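Visitor: give the three-dimensional model of this entry:
(one chain, ligands or ions: 1)
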Amino acid sequence: MGEHLAESVELIPAAATRGLRHRVLRPDQDKSACIYPLDEAPTSAHFGAFRNRTLVGIASLFQEPQPEATETLAPHEDWRLRGMATDPAARGEGYGGALLRACLKQVESFGGRRLWCNGRVDVWGFYRHHGFQRVGDSFDLPGLGPHYVMQIWLS
Ligand SMILES: CC(C)(COP(=O)(O)OP(=O)(O)OC[C@H]1O[C@@H](n2cnc3c(N)ncnc32)[C@H](O)[C@@H]1OP(=O)(O)O)[C@@H](O)C(=O)NCCC(=O)NCCS
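Guide: Next up, the predicted model:
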């Protein structure tokens with residue numbers, strides 16, 4: 001990633017995330033379930049990973065407090081990663097990692113201290129690989145299965 005001009009990670013509008021969100025993350029749900037409440041908030045950011053100008057991966061960043069937190073952070077210090085997905089035909093090629101790095105860089109530039117997500121139990125390996133820790137017990141999100149709160153601190 002990065003070495004090839006055909007691949008890039010860029011900021012994209014919220015509307016551009018909806019196709020992959022629906023296809024990869026919520027195929028059994030109504031398309032309206034792929035519109036998240038903070039999508040258009042001025043502090044939110046959406047990234048797209050492109051291969052040959054085709055969108056193959058997405059990730060969104062929202063200013064939201066981590067629900068299990070015992071620490072008190074200012075609003076701009078706590079960031080939620082949401083809607084992280086790579087097209088099944090492009091997995092294992094580094095797009096997910098590149099999106100996560102773009103998000104971490106953005107959080108850092110916003111003065112953020114923590115990035116967290118409700119991570120699916122079956123992709124815990126991906127987040128652990130990138131330095132995330134699990135917080136608390138697993139919980140079920142209706143229609144989406146078991147999750148953990150996962151987080152990483154920025155130094
Ligand atoms: C999780 C997901 C976004 C990863 O995207 P990806 O583009 O395949 O990720 P990458 O190719 O950048 O993988 C980065 C590293 O994580 C590892 N990894 C990826 N998925 C993994 C998993 N499920 N478990 C363990 N390790 C994993 C890869 O082996 C790779 O390791 P490497 O850097 O040593 O080669 C993708 O599998 C996906 O869209 N899954 C379905 C949707 C989903 O569950 N999203 C997360 C919701 S919380």
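
Visitor: going forward, measure contacts between C-alpha atoms and count neighbours the same way
Guide: OK.

Visitor: what segments of this protein are helices?
Guide: When secondary structure is read from DSSP state H, the chain shows helices at 18-20, 95-109, 124-129.

Visitor: so what's Asn150 up against?
Guide: Not quite, residue 150 is Met, not Asn. The contact partners of Met150, by Cα atoms under 8 Å, 6 or more residues apart in numbering, come to 116-119, 127, 132-135.

Visitor: what's near enough to touch Gly111?
Guide: Gly111 makes contacts with 76-77, as judged by Cα under 8 Å, 6+ apart.

Visitor: and Thr17, by the same measure?
Guide: Applying Cα under 8 Å, 6+ apart to Thr17 gives the contacts 46, 48, 58.

Visitor: the last one pairs with what?
Guide: Going back to what we said before, that points to Ile58. In this structure, Ile58 bridges to Gly48, Ala85 when assessed by DSSP bridges.

Visitor: correct me if wrong: it contacts Gly48.
Guide: Yes. Between Ile58 and Gly48 there is a contact at 4.6 Å, judged by Cα atoms under 8 Å.

Visitor: what touches both of the two?
Guide: 17, 99.

Visitor: I'd like the helices of the chain laid out as CSV, including distance to the ligand.
Guide: As requested, the helices of the chain are exported to CSV (distance: least, Cα to the nearest ligand atom, whole Å):
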stretch, distance to the ligand
helix 18-20, 9
helix 95-109, 3
helix 124-129, 3
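
Visitor: export the ones you listed to CSV and tack on mean pLDDT?
Guide: What follows is the helices of the chain, written out as CSV (pLDDT from 0 to 100):
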stretch, mean pLDDT
helix 18-20, 98
helix 95-109, 97
helix 124-129, 97
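
Visitor: any chance of these in JSON lines, plus mean neighbour count and distance to Pro75?
Guide: Below are the helices of the chain laid out as JSON lines (neighbours: other Cα atoms under 10 Å; distance: least, Cα to Cα, whole Å):
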{"stretch": "helix 18-20", "mean neighbour count": "19", "distance to Pro75": "26"}
{"stretch": "helix 95-109", "mean neighbour count": "19", "distance to Pro75": "12"}
{"stretch": "helix 124-129", "mean neighbour count": "14", "distance to Pro75": "23"}
